[in-house]
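Peer 1: Please find the sequence and the predicted model below.
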Amino acid sequence: MNETDKELLEKISEQTKEPISAYNIRKNGTCIDRKVSDYINIAAKEHGLEIYVKENTLFGIIHIPVIITQSGIKDIVYNDFHIGKNANVIIVAGCGIHNDDKHETSHSGIHRFFIAEGAKVKYIEKHYGEGSGNGKKILNPVTEIKMQKNSKMTINSVQIKGVDDTKRVTKATLYDGATLTINEKILTNNNQKAKSEFEIILDGLDASTHIVSRSVAIDKSYQEFASKVIGKTKCYGHVECDAIIKDEGMVRSIPEVFAQDTSANLIHEAAIGKIAGEELLKLMSLGLTEKEAEKVIIEEFLK
């Protein structure tokens with residue numbers, strides 16, 4: 001790997017105190033390095049990976065980053081994660097694109113999770129784009145999840161900056177006692193576009209989901225957030241969409257909650273607006289310029 005590769009990896013990686021148990025590094029559509037362990041196996045398949053985590057695995061950490069430095073590549077990968085009963089793992093994914101040319105460059109990661117009873121998964125996904133060229137940097141992640149009895153999953157998804165176009169799709173089905181928590185953060189500027197779609201089916205007794213999306217749209221960028229939560233039995237679902245718009249930025253929120261049982265408790269909240277004047281004045285009274293104050297507010301909002 002050269003310095004550009006290392007810098008891209010650093011942008012999309014998550015630092016952990018524990019050593020990485022297994023990893024697969026993909027560059028320009030090809031695996032360039034891989035490590036497996038006694039309890040986590042990563043096997044190649046056509047256009048993707050099969051990741052197997054054994055039952056009762058504790059504190060397993062898996063990294064599967066993707067970096068693209070060759071302009072014009074349209075990369076697509078299909079990764080399946082099989083998480084064994086009562087396993088506890090952290091999975092760090094994400095993609096960084098460096099595009100110094102005029103050609104459109106894209107990555108589509110289709111990730112499927114099969115999470116067994118009692119398993120716990122923390123999934124971290126960061127997206128980032130950079131480069132001196134005017135070729136578009138496009139990222140289209142798809143996440144499909146099946147969660148068995150009393151399993152838990154937390155998704156932390158961040159679009160740092162530099163992505164010209166993205167469509168992010170998340171679909172999940174939760175069975176008895178399963179819990180899915182999603183924290184999404186997106187920043188767009190210039191003429192960038194970002195669309196997020198969520199469809200969560202609460203199919204089991206006492207299944208629950210909590211989705212929080214925080215986004216900032218600057219310049220002439222556009223964002224769209226569409227969520228659908230279906231409650232089929234006694235369950236709980238809460239969706240929260242908060243957005244800041246600046247300049248000519250636009251954000252559209254499309255909520256849908258569908259209760260199919262009288263015991264389903266489903267809530268959707270949305271708040272979209274500009275940066276509060278009181279917050280700006282307070283920071284400016286401390287000696288910051290208006291732009292500096294706006295930057296501080298945005299960074300705190302997206303923490």
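Peer 2: Received, thanks.

Peer 1: Count the neighbours of Thr4 for me.
Peer 2: A count of nearby residues for Thr4, using other CB atoms under 10 Å, gives 15. In this view, the C-beta of every residue, glycine as well, is placed from N, C-alpha and C.

Peer 1: Show me what the one helix or strand it maps to is packed against.
Peer 2: Here Thr4 sits within helix 3-12, counting by DSSP states H and E. Judged by 3 or more CB pairs under 8 Å, 6 or more residues apart in numbering; DSSP states H and E, the packing partners of helix 3-12 are strand 66-68, strand 88-98, strand 120-130.

Peer 1: Output the contacting helices and strands for the first one.
Peer 2: With contacts defined as 3+ CB pairs under 8 Å, 6+ apart, the secondary structure elements packing on strand 66-68 are helix 3-12, strand 22-27, strand 74-83, strand 88-98, strand 105-115.

Peer 1: Give the bridge partners for Arg98, please.
Peer 2: Actually, residue 98 is His rather than Arg. Beta-bridge pairing for His98 (DSSP bridges): Glu130.

Peer 1: pretty sure it contacts Leu8?
Peer 2: Yes: judged on CB atoms under 8 Å, His98 makes contact with Leu8 at a distance of 5.9 Å.

Peer 1: on that earlier part again, deepest-packed of the helices and strands packed on strand 66-68, please.
Peer 2: strand 88-98 (a mean of 24; mean count of other CB atoms under 10 Å).

Peer 1: residue boundaries of the strands in the stretch 101-250 of the chain?
Peer 2: Listed in chain order, the strands found in the stretch 101-250 of the chain under DSSP state E, counting those that start in this stretch are 105-115, 120-130, 137-139, 142-147, 152-161, 165-174, 179-188, 193-202, 207-217, 222-231, 235-245, 250-259.

Peer 1: what would those look like in JSON lines with distance to Ile40 and mean pLDDT?
Peer 2: Formatted as JSON lines, the strands of the stretch 101-250 of the chain follow (distance: least, CB to CB, whole Å; pLDDT from 0 to 100):
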{"stretch": "strand 105-115", "distance to Ile40": "14", "mean pLDDT": "97"}
{"stretch": "strand 120-130", "distance to Ile40": "13", "mean pLDDT": "96"}
{"stretch": "strand 137-139", "distance to Ile40": "26", "mean pLDDT": "97"}
{"stretch": "strand 142-147", "distance to Ile40": "19", "mean pLDDT": "98"}
{"stretch": "strand 152-161", "distance to Ile40": "17", "mean pLDDT": "94"}
{"stretch": "strand 165-174", "distance to Ile40": "23", "mean pLDDT": "97"}
{"stretch": "strand 179-188", "distance to Ile40": "22", "mean pLDDT": "97"}
{"stretch": "strand 193-202", "distance to Ile40": "27", "mean pLDDT": "97"}
{"stretch": "strand 207-217", "distance to Ile40": "27", "mean pLDDT": "96"}
{"stretch": "strand 222-231", "distance to Ile40": "32", "mean pLDDT": "97"}
{"stretch": "strand 235-245", "distance to Ile40": "31", "mean pLDDT": "96"}
{"stretch": "strand 250-259", "distance to Ile40": "37", "mean pLDDT": "95"}
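
Peer 1: Quick one: closest of those strands to Thr69.
Peer 2: strand 105-115 (9.1 Å; CB to CB).

Peer 1: and the closest one, what does it pack onto?
Peer 2: For strand 105-115, the elements it packs on are strand 66-68, strand 74-83, strand 88-98, strand 120-130, strand 137-139, strand 142-147, judged by 3+ CB pairs under 8 Å, 6+ apart.

Peer 1: Distance from the chain centre to it, please.
Peer 2: 11 Å (CA atoms, centre = their mean, to the nearest Å).

Peer 1: on that earlier part again, will you turn the helices and strands packed on strand 105-115 into CSV that also has distance to Glu184?
Peer 2: What follows is the helices and strands packed on strand 105-115, written out as CSV (distance: least, CB to CB, whole Å):
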stretch, distance to Glu184
strand 66-68, 19
strand 74-83, 19
strand 88-98, 13
strand 120-130, 10
strand 137-139, 14
strand 142-147, 11
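
Peer 1: quick one: which of those is nearest Asp242?
Peer 2: strand 120-130 (19.6 Å).

Peer 1: and that closest one with strand 193-202, angle?
Peer 2: Relative orientation of strand 120-130 versus strand 193-202 (axes from the mean of the first three to the mean of the last three CA atoms, to 10 degrees): 170 degrees.

Peer 1: Pull strand 120-130 out as CSV, backbone CA atoms only.
Peer 2: Only the C-alpha atoms of strand 120-130 are listed here, as CSV (Å, rounded to 0.1, in the frame of the first residue of the first chain):
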residue,chain,number,x,y,z
LYS,A,120,-24.5,-9.2,19.7
VAL,A,121,-23.1,-7.2,16.8
LYS,A,122,-21.7,-3.7,16.5
TYR,A,123,-21.4,-2.6,12.9
ILE,A,124,-19.4,0.5,12.0
GLU,A,125,-19.5,1.8,8.5
LYS,A,126,-17.8,5.0,7.3
HIS,A,127,-17.9,6.5,3.8
TYR,A,128,-15.5,9.1,2.5
GLY,A,129,-14.5,10.7,-0.8
GLU,A,130,-11.5,12.9,-1.9
